[in-house]
Every structure is written in C-alpha cells, then in structure tokens.
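3D, please:
(2 chains)
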Amino acid sequence: MYRHRGIRKRYGFLLALGFLLLGTAVKGQGIKYEVLVPLSVEAGRPFNVEFRLINAKPESFAAPDFSGLEVVAGPIGSQGEVQNIINGHSESYEWYSNTYTCIARQPGKVTIPAATVTAGGKTYSTKAAVVEVRAAGAKGNGSEAVPRQEAAGATLDKNDILLRVTASSTDVYKGEPIRVAYKIYTRVDFQVEDVKYPAFNGFWTQELDVSGYDWQRENYNGSVYQSRVIREYLVFPQQAGTLSIEQASLSIAAQLLVQSPRNRSLFGDFFGGGPQIEEVRRTLTAGPLRITVRDLPAGAPAGFEGAVGKFTFDGGASASEVAANSSANYEMRIAGSGNLPLVNAPKVEFPSSFEQYTVKSTDNYRVAGNNITGSKTFTVPFIARAEGSYTIPPVRFVYFDPQAARYVTLQIPEQSLTVGGDASGGASSGGGIVSGVNKEDLKILGDDIRFIRTGHPGLHRTGWMFLWSWQYVASLVLIVLLFVAALIYLQKRIRLRSNTTLVRNKRARKAALRRLKAAERNLQAQNDRKFYEEMLRGMWGYMSDKLNIPVAKLSRDNVRAGLLEKGVEPELADRYIGIISDCECAQYAPTASIRPRELYEAAVELISKFESRL
Amino acid sequence: MLLILLAVATAGQIFAAGAEKTAEEIWVQANEAYTQGDYAKAVQGYDSIRRMGFAGAKVYYNLGNAYYKMNRVGPAILNYNKALRLAPADGDVRHNLAVAGASVKDRIDVVPEFFLKTWLRSLMRRAGSNAWAAWSLVFLAAGLALALVYLLASRLGWRKAGFYGGAVCIALFIVSLVFSSVERREILYPDEAVIMLAAAPVKSSPDNNSKDIFVLHEGTKVRVTGALGDWREIVVADGNKGWILSRSLETI
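As a prediction, this is how the structure comes out:
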C-alpha cells in the first residue's frame, strides 16, 4: 500500500549522494538482497555499486559481470546496523555489503546484471539495474549528482520528480470503460504532503486497488526514474461529447542531500558535518485529460438500459411447478465484461396474480485489464397467489457491443409455470390469514369464529319467501275480511255514536278560546270596555255550545243547572257565573277591585277544566 | 276433478315432508362431523342439504363455519352473507363474518352514503324478509283494530288513541311491507357477489386482452351491475368499476 508518509528513511550513513534505495521499506526481519546504484552517472567519473544483504550474514558472494564498466576498486566488504522509528514503530536490521567503484567510459545505458549471494543455505539475487551514462561534461538533466553536491543550497530540477496521468483510451463509446492511472516518477526521496484528485464529472468511477504496485525502475523521456502507480480508476463515461478529466495535483516535500563545502574535510565527514537533508516543497500536476465520448448509435431496441460490453444472459424460474402462496425465485445471470456495476435487472412480466418482491442482485466481478469481468445475478422473489398454469413471457436483455458497434438482444425463452394447491393447506393460521396481517384492524384476528348452530335447522324451500306466498296473501285477506265483518256487525253502534254532540263539544272550546283571544287582544290594547264585551260573548257562547241551549234562552240559573247536570262541581259552576257577573258589572261601572287580567285567566282556567270533564 | 287435484297436492306434500326428514338427518350428521373436526364431510353434508333444494340461515352459517375451518375464506364469506340475507340480525353470523373478513386481503374504503339511508338500512337489517312480512300482518291487524276502537269508543281519549295509533300502525304496515319486499328482492334476484379466486384481475372491458385495472382477492364482496357472456361488470364498495370473469365470483 502506498503511504503518504511513506518513503521516510534514515540511514546510519549514506554511501553516496543522489543514491536511492531500491527497496522502499525494509520490513521486520525479512532477508533482502539488493543493489544500490545511481540512476545516472557521467562518463569517466567513478561511482559506487553496492550489493547489500539485509538481515543475513553472507556465506559466499558471486560478483556479477561488470561488462561495459571499468572496476577501479572493490569489492570492499562492510557491515552495519540500522535502527528506524517510523510512525512510532521501531525496526532494526543489520546489513552486509560488497561495494565496487566503477567508471563508465561510453555514454549510453549500462546494465548491471544480477549478483547472487548465499546465506543460511539459501541463494538470493539482486535485480538487474540500468544506469544511464551521460557524456562527459554534459550538463545532463540537472539530476547529476556531483554539481549538486558542490552547491551551497539544494536545488530540485523540475524533471527530478513528475506526476503523470495515463488513460487506456481517449476515444470511447458512452459506457465503455477507461482505465486512468496516476503515476509518480522520481529521482529523489520525498514525502507526500497533500493530494487532490479530480472529481471525474460525467463519469461513473471505480477506484482500483494499487497495493499490488511496487516501485520500479522505468525509463521515461530518456531518463531513468523510480516509478509507481499511486492511484488508479476505472471510469465509465456517462454522457456523450468531449469530457475532461481535470488536473490532479500532488504537493510533495523532496528531501535533498546537501553538503556544506566549508565542512568538507575528512574529519567533517567523519564527525557528522557531512551530508544533510534539506526539504524542498513542490506541487506536481498531471492532466487535464480530454476524452472523446461517442454517443451510442440511435435505434436502441426496447429494453436497452445502458449495458455496454459483451455479455451472455441466461436464467429462469427456480422450478416449473410451485405451490400457491409459497415463494419462488426467478433468476437471471448476466456474465461477461463491460459496465457490469451499471447493469440493471431486466424486467420480468409476471402474470397479474403473482406478487413480485424486491430484486436482489449478487455481484461477482473484478477488474481485468481495461474492463470489468465477471457476472451479476439477479434474483426476483415472487409468490403465486392462485392455482393454475401460467406462462412467464420471455425476458429480454439488450446491450451495446462497442467492438461490433451494434446492439445485441439476448433473451430467456418463455417459460410455463404450474401453480399447485396451497402447501400449508389446513393450517389454521396459514395462507389467507397471513396475507391479511398487514391490515390495520388486527384486534379481531386473535378471535376465533363461534360454534355452529345445532338443533332444529329451520329449513324451507330455496327461494320460498313468506311475502306474497299463499300463506301471506291468505292471512292478509283474512285480516281484511275480519275488519269488514266487524264493520258490518257494528254498523248500527257506530252510527249511533257519531252524533253531532261530539263535534259540537270539540268545537266549543275552540270557539270559546277564540272569543277569549279576541278579549285578550283588547286586554293588551287596554280597551276595557270592548274586553268585557268580548269576555261575555265568549263565555255565554261557550255555554250555549256545551249545554246545547240557544244563547237567547241562556240565563244564570239554567247555565248552573246544566253544568251541575253534566257532573260539574257546584263551586266551579258558581265561579263561572261569578266571572260573568263581574264582567257585566265592570262593563258599565269600572271598579278598581276588578282586574281584567285576573278575570281573563280565571275564565281560561275554568273553560279548560270543563273541557276535560264535559 | 277436484279430488284428483287434492290427491296430487297431498302426494306432493307427503313427498316434500319425506325429503325434509332426510335433510334433517343429514343436518344432524353434518353437525356431528363438524364437532369431530371432519370439516370436509360437514361441508359435503350441508352442501347436499342445499342441493336438495332447502335453505336456512343456520345451514348457511354452519357451512360458512366449516369452510372457514378448512381455511377457505371465499366460500366462508359467501355463506355467511347468504345466512345474513335470511337472518340479517343474527349476532353470531355477523361476528364470524367479521372474523373471516379480517383475513380478506383487500381493504376497501366504503364510499359514505347519506346518513338517513344508512339508518334506514340498519333498521331494515334488524329482521329478515319473512319476519318483516309477519310484522306487516301484525301491524295491519293492529291498525284495523285501532280503527274500530276509533269508530266505537265513546270517550274522547279512546277515540284519539284509536285514531293516532291506527294511523301509526298502518304506516308501520307500509314500512315493513317495503322492507320485506326489498329483502325478498335481494334474495330472489341477488346482485351482490363474493370473489372466490385467490386473486382475480379486473379488466377495463369484457375482453381477455384488455388492460388489468386492479386485482381483487378472495372474499371481497362486490356488486354485479351487468353481464356480457362470461363477463360480469362489478362495482367495488369504494366505487371502482370493471369487468371480471364470471367464474371468479359467486353471487350471494
């Protein structure tokens, strides 16, 4: 894994300036054998080649063939111990090395072949290393070790450390994947301080694991660098047109070795006045990158949902026979390479009595080359609610093949499905009951039905109704006949009862009240004279009606006698006559002792009493 | 001639009486089967009584119970409804229908109707058609008797009672006659049905290729408003309308 604070090492001492360790880190007690050699040298100048064995004592050492180089000294054996503290974690190792001092005579590239060493019965070998040899006196790329050594301050050439972005293709179809890699090229030791990657607008991106990459020597633009991929993406363009992948930036602090010239003495070197590390900050950029995205050709078949690549399609219902109300699955498998993460489940048209549930998808794919390869399985759970035989129509999957530049339609053929009886059959709470659980009124669910009726069944013919049956009609006729017979039988009595008296009796109170009402109107108007007149007329008229005596023949005596004869108490009769007398008196000689309101109320009360008795 | 007619009628009576006796025996056996948990046999028994041409609220009620115990909600609800038609006020039937109704999948919001209509309907459902018919005879008899009281009584109170009481009784006679007729019509010419299939698609037109509007589930009650060949036009309580195959429902 790439660590931002990664290449941070402190050596007990450094063998040569401008040298880089080939191994980025020495982990624990692992045995390592490596070659330490400058990336570029000047022709005619001596340089060191060191073969270093870490964590093991060498038993035998076989020097490589230094063809193309002139060995001026060596091998010189040396050993040492290193203690590192990285992020609070300490590690130590010991090393043994053989160092040769060589001179390259011809400009160009020299390969130092692998050296082998035997330690603890095992043989280890270094990797072959390439050294760039510059012509003598040439200024080189400024990466030359010697001039920098001599400088008072450190300088970092712009080519000493580079960030590059590469794309596997810049002209693709919409949905066709592109592999985008960010790679760092360096000739100096550095620390990463800040990093900013683009947003990839218009793309669907998947970041790839870069832990598999290691530092490697690479020739770029005629120079040899240590290089490593630090970030990698697989991007799928989601829109047509010219898309731009923005600039990525990386802030680093390069660690340069500086040697102060005034301290340049044997003793100075020896007592720590030698090389020192100076940090130079720099922001590296890569990109932007332009990608031409071609739109998919027109005329996509129905059901196309953006799948681009090359796929196979198969599947079907899990069984050709299922039980009603039990769940079954419909599976679809899309395999191949392309934008698999973006592939949607094709639509399955189930018969309407089937209940379909959420589609589950199982992914089984990985990045291979510049594409995603593997399979995606869709599982559609469904429940058939009703028995019968059904057909699931063919399921179509459409994708675009960018190589052939055409659409391809694959399909799962039509499938017939037999739905059998409910497997949970007689279980009291199975099947239908369960489907009712999502209803709100659950309270009755815990309830059971009441027991059957026994005893007399009370049967009748289906469709027989009492209404308008002969029994009903007969009863109806019987009732009416009985009524008519009663009417005829009692005819005489009825006629006898219906004389005029009753009608008159009823009319009497109405008339009296009406007359008293007229009196009351005058009372309200305080027209006393008229009031008494109306009172008298009403009261005499009432008695005339009640006692069946014409008004002209009425007198106080015959009214009293008539009332007594009808069963009225003598006091009531006397009071009635008393009111009449009062009215007559007051009509012509008003006195303060007679109050019209009292008279009126007394009269109404009396008439009401008579009414209930007469 | 008259004698022959009389003889035929008597023979018919005797035959009918014999059949009723058999039906009652089957009734007892089916009840026993139910008690012992043999619901399939009980269903068979009740059903054979029905096929013999007899009906009765109790038979439909027991049949519904047996179907419910066999976990067949559709037929259970159908038979409870049939029982309710004959005995609308029966508490046991209402209870069991509610229990069975709880397992119906469709929850339908009933369109609210005018309160007076609801009130009159609930009044009507307090008795069956036959009971209302009997009541109508009682009210008629009472009404005519009170009319006689009105005509004959000498005291005013009696006459008043006779007059108003008689009028009320005649009004009640008319109301109960109407109720009885309405319920009789419902039984003889049923327009309500229950979905019998676990799931039945309702289509926009009476045609197999037409669009599915919605799906009804077993036990849901619908009103049949029209018929065309194998298709029935139905209205659900929430007002939704559509066409359904006649075999997916059964009239109450």
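
and the stretch 151-252 of chain B, which of its residues are near chain A?
Neighbours of chain A within the stretch 151-252 of chain B, by CB under 8 Å from any CB of the partner chain: B:151-154, B:156, B:177, B:180-181, B:184, B:187-188, B:197-201, B:212, B:215, B:217-219. For every residue, glycine as well, the C-beta is placed using N, CA and C.

In terms of pLDDT, where does the residue lying closest to residue A:176 once chain neighbours are set aside sit?
In space, and not counting its chain neighbours, residue A:176 is closest to residue A:402: 4.8 Å by CB to CB, 6 or more residues apart in numbering or on different chains. With respect to pLDDT, residue A:402 scores 86.

Geometric centre of the chain: which residue is closest?
Since you didn't name a chain, this refers to chain A. residue A:358 (13.1 Å; CA atoms, centre = their mean).

wait, I meant chain B there
Chain B, centroid-nearest residue using CA atoms, centre = their mean: residue B:85 at 1.5 Å.

Give me the distance between that residue and chain A.
With the distance defined as CB to the nearest CB, to the nearest Å, residue B:85 ends up 11 Å from chain A.

In terms of helices and strands, where is that residue?
helix B:73-86 (DSSP states H and E).

Now do that helix, average pLDDT.
The average pLDDT within helix B:73-86 is 92.

just checking, what packs against that helix?
helix B:57-69, helix B:91-101, helix B:156-188, strand B:192-195, strand B:249-251 (3 or more CB pairs under 8 Å, 6 or more residues apart in numbering or on different chains; DSSP states H and E).

Can you give the contact residues for the shortest one?
Yep, that's strand B:249-251 we're talking about. Residues outside strand B:249-251 that contact it (CB atoms under 8 Å, 6 or more residues apart in numbering or on different chains) are B:74-75, B:78, B:190-196, B:200, B:222, B:224, B:232, B:234.

if you set the cut-off to 7 Å instead, what comes out?
Here strand B:249-251 makes contact (CB atoms under 7 Å, 6 or more residues apart in numbering or on different chains) with B:78, B:190, B:192, B:193, B:194, B:195, B:196, B:222, B:224, B:232.

Which of those residues has the largest number of neighbours?
residue B:195 (29 neighbours; other CB atoms under 10 Å in any protein chain shown).

That one and chain A, how far apart?
11 Å.

Contact partners for that residue?
So residue B:195 contacts B:74, B:216, B:217, B:218, B:219, B:220, B:222, B:248, B:249 (CB under 7 Å, 6+ apart).

How about the residue nearest to the centre of chain A: what's its closest non-neighbour residue?
Residue A:358 sits nearest to residue A:381 (CB to CB, 6+ apart), 7.7 Å away.

Show me the chain divided up by domain.
All of this refers to chain A. Following automatic domain parsing, chain A resolves into domains at A:32-138, A:161-293, A:298-420, A:500-613.

you looked at the wrong chain, it should be chain B
According to automatic domain parsing, the ranges for chain B are B:2-101, B:115-188, B:192-251.

mean confidence score for the last one?
What domain B:192-251 shows for mean pLDDT is 89.

what distance separates the start and the end of it?
6 Å (CA to CA, to the nearest Å).

relative to its centroid, which residue of chain B is most remote?
residue B:154 (47.6 Å).

List the residues that contact residue A:411.
A:394, A:395, A:396.

tell me which residues of stretch A:481-496 are tucked away?
A:483, A:486 (16 or more other CB atoms under 10 Å in any protein chain shown).

Where in chain A is the helix or strand with the lowest mean pLDDT?
When the helices and strands of chain A are scored by mean pLDDT, DSSP states H and E, helix A:145-150 comes last with a mean of 38.

Give the rounded mean pLDDT of the helix or strand encompassing residue B:148.
Assigned by DSSP H and E, residue B:148 belongs to helix B:129-152. The average pLDDT within helix B:129-152 is 92.

And it, what does it pack against?
helix A:470-489, helix A:491-497, helix B:156-188 (3 or more CB pairs under 7 Å, 6 or more residues apart in numbering or on different chains; DSSP states H and E).

Hmm, residue A:602 is touching residue A:579, no?
Yes: the pair residue A:602 and residue A:579 qualifies as a contact (CB atoms under 7 Å) at a distance of 5.8 Å.

And the helix holding residue B:85, how far out from the chain middle?
8 Å (CA atoms, centre = their mean, to the nearest Å).

in what helix or strand does the residue of the stretch 51-200 of chain A at minimum distance from chain B lie?
Closest to chain B within the stretch 51-200 of chain A is residue A:175: 34.4 Å, counting by CB to the nearest CB. If you go by DSSP H and E, residue A:175 is not part of any helix or strand.

Keep only the contacts of residue A:411 that also lie close to chain B.
Among the contacts of residue A:411, not one lies near chain B by CB under 7 Å from any CB of the partner chain.

Need those in JSON lines (columns: pLDDT, secondary structure and neighbour count).
Shown next, in JSON lines, are those (pLDDT from 0 to 100; DSSP: H, G, I helix; E, B strand; the rest coil; neighbours: other CB atoms under 10 Å in any protein chain shown):
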{"residue": "A:394", "pLDDT": "88", "secondary structure": "coil", "neighbour count": "12"}
{"residue": "A:395", "pLDDT": "89", "secondary structure": "strand", "neighbour count": "24"}
{"residue": "A:396", "pLDDT": "88", "secondary structure": "strand", "neighbour count": "16"}
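
from those, which is closest to chain B?
Looking across those and measuring by CB to the nearest CB, the closest to chain B is residue A:394, at 18.2 Å.

if we can go back for a sec, looks to me like the residue nearest to the centre of chain A is in a strand.
No: Residue A:358: not assigned to a strand; according to DSSP: H, G, I helix; E, B strand; the rest coil it is coil.

if I look at it, how far off is residue B:185?
49 Å (CB to CB, to the nearest Å).

for residue A:157, same thing?
106 Å.

Check residue A:303 too.
Residue A:303 sits 54 Å away from residue B:185, taking CB to CB as the criterion.

How about residue A:248?
Distance from residue A:248 to residue B:185, counting by CB to CB: 85 Å.

more neighbours, the two?
Counted by other CB under 10 Å, residue A:248 and residue B:185 do not tie: residue A:248 has more neighbours, with 22 against 14.

For the nearest residue to residue A:235 once chain neighbours are set aside, give the beta-bridge partners.
In space, and not counting its chain neighbours, residue A:235 is closest to residue A:203: 4.1 Å by CB to CB, 6+ apart. Residue A:203 forms beta bridges with residue A:237, as assigned by DSSP bridges.

Please name the residues that touch residue A:203.
Residue A:203 neighbours (CB under 7 Å, 6+ apart): A:235, A:236, A:237, A:238, A:243.

Quickly name whichever of the residues you listed is closest to residue A:121.
residue A:235 (49.7 Å; CB to CB).

Could the C-alpha coordinates of the helix or strand encompassing the closest one be exported in PDB?
Counting by DSSP H and E, the element that carries residue A:235 is strand A:223-237. Taking Å, rounded to 0.1, in the frame of the first residue of the first chain, the C-alpha atoms of strand A:223-237 are listed here in PDB:
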ATOM      1  CA  SER A 223      15.900   9.300 -18.100                       C
ATOM      2  CA  VAL A 224      15.700   6.500 -15.600                       C
ATOM      3  CA  TYR A 225      13.200   7.000 -12.700                       C
ATOM      4  CA  GLN A 226      11.800   5.200  -9.800                       C
ATOM      5  CA  SER A 227       8.100   5.000 -10.600                       C
ATOM      6  CA  ARG A 228       5.000   3.800  -9.000                       C
ATOM      7  CA  VAL A 229       1.200   4.000  -9.700                       C
ATOM      8  CA  ILE A 230      -0.300   5.900  -6.800                       C
ATOM      9  CA  ARG A 231      -3.900   6.000  -7.800                       C
ATOM     10  CA  GLU A 232      -5.900   4.200 -10.400                       C
ATOM     11  CA  TYR A 233      -9.500   4.300 -11.600                       C
ATOM     12  CA  LEU A 234     -11.800   2.600 -14.000                       C
ATOM     13  CA  VAL A 235     -14.100   5.200 -15.300                       C
ATOM     14  CA  PHE A 236     -17.300   4.800 -17.400                       C
ATOM     15  CA  PRO A 237     -18.400   7.900 -19.400                       C
END
